[in-house]
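>>> Could you work out the structure for the sequence below:
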Amino acid sequence: TGIITTSGPLCERLHAQYSFGVAVHDLGTPQRSDATTVSVTVNNVNAFSPVFSPATYNVSVEENLRRDTFVVRVNATDADCEDTNLLQYAIQSGDVFPFYFRIDAATGI
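Coordinates of the predicted model:
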């Protein structure tokens with residue numbers, strides 16, 4: 001019996017399908033062999049939540065700023081997949097949204 005294991009983390013979003021050949025041979029004389037193809041499909045599990053780094057942002061700005069003045073860039077990562085471009089940002093709470101602040105869903109700015 002040959003056991004095939006992963007040699008690193010798999011991410012369905014980056015590579016959903018793998019296919020490779022496996023061979024076997026005996027130690028007899030004459031030597032005999034066979035080969036097969038193994039296909040592996042990676043299923044998306046989404047086991048981890050995104051995490052902000054740092055966990056809290058405290059920013060000071062001056063009053064009377066013009067529209068579209070940069071305030072802060074927030075950053076998050078998700079351990080499910082190395083491709084952090086798959087995160088989407090949104091302002092969800094607070095007493096002044098949407099009158100004074102907005103965020104780009106893709107960049108966190």
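>>> just checking, Val72 touches Tyr57?
Yes - Val72 lies in contact with Tyr57 (CB atoms under 8 Å); the separation is 5.5 Å. C-beta coordinates here come from the backbone N, C-alpha and C atoms, glycine included.
>>> Correct me if wrong, but Ser19 is in a strand.
Yes - applying DSSP: H, G, I helix; E, B strand; the rest coil, one finds Ser19 inside a strand.
>>> Point out where this protein drops to low pLDDT.
Where the chain drops to pLDDT under 70, the residues are 82-85, 95-98.
>>> thought Tyr89 was touching Gly108?
Yes - judged on CB under 8 Å, Tyr89 makes contact with Gly108 at a distance of 4.6 Å.
>>> overlap in contacts of those two?
Any residue near both Tyr89 and Gly108 by CB atoms under 8 Å, 6 or more residues apart in numbering counts here, and that gives 74, 76.
>>> from what I can see Asp26 touches Ser33, true?
Yes - the criterion here is CB under 8 Å, and Asp26 meets it with Ser33 at 7.4 Å.
>>> Other residues contacting stretch 68-85?
Contacts of stretch 68-85 (CB under 8 Å, 6+ apart): 9, 11-14, 44-53, 57, 59, 61, 86-87, 89, 101, 103, 106-109.
>>> The residue sitting nearest the centre point of the chain and Leu65, how far apart?
Centroid-nearest residue in the chain, with CA atoms, centre = their mean: Cys81, separated by 2.6 Å. According to CB to CB, to the nearest Å, Cys81 and Leu65 sit 36 Å apart.
>>> just Thr1 next, same as before
Distance from Thr1 to Leu65, by CB to CB: 67 Å.
>>> do Thr29 as well
Applying CB to CB, the value for Thr29 to Leu65 is 84 Å.
>>> Those two: which has the busier surroundings?
Between Thr29 and Leu65, counted using other CB atoms under 10 Å, Leu65 has the larger neighbour count: 11 against 6.
>>> secondary structure element for that one?
For Leu65, there is no enclosing helix or strand under DSSP states H and E.
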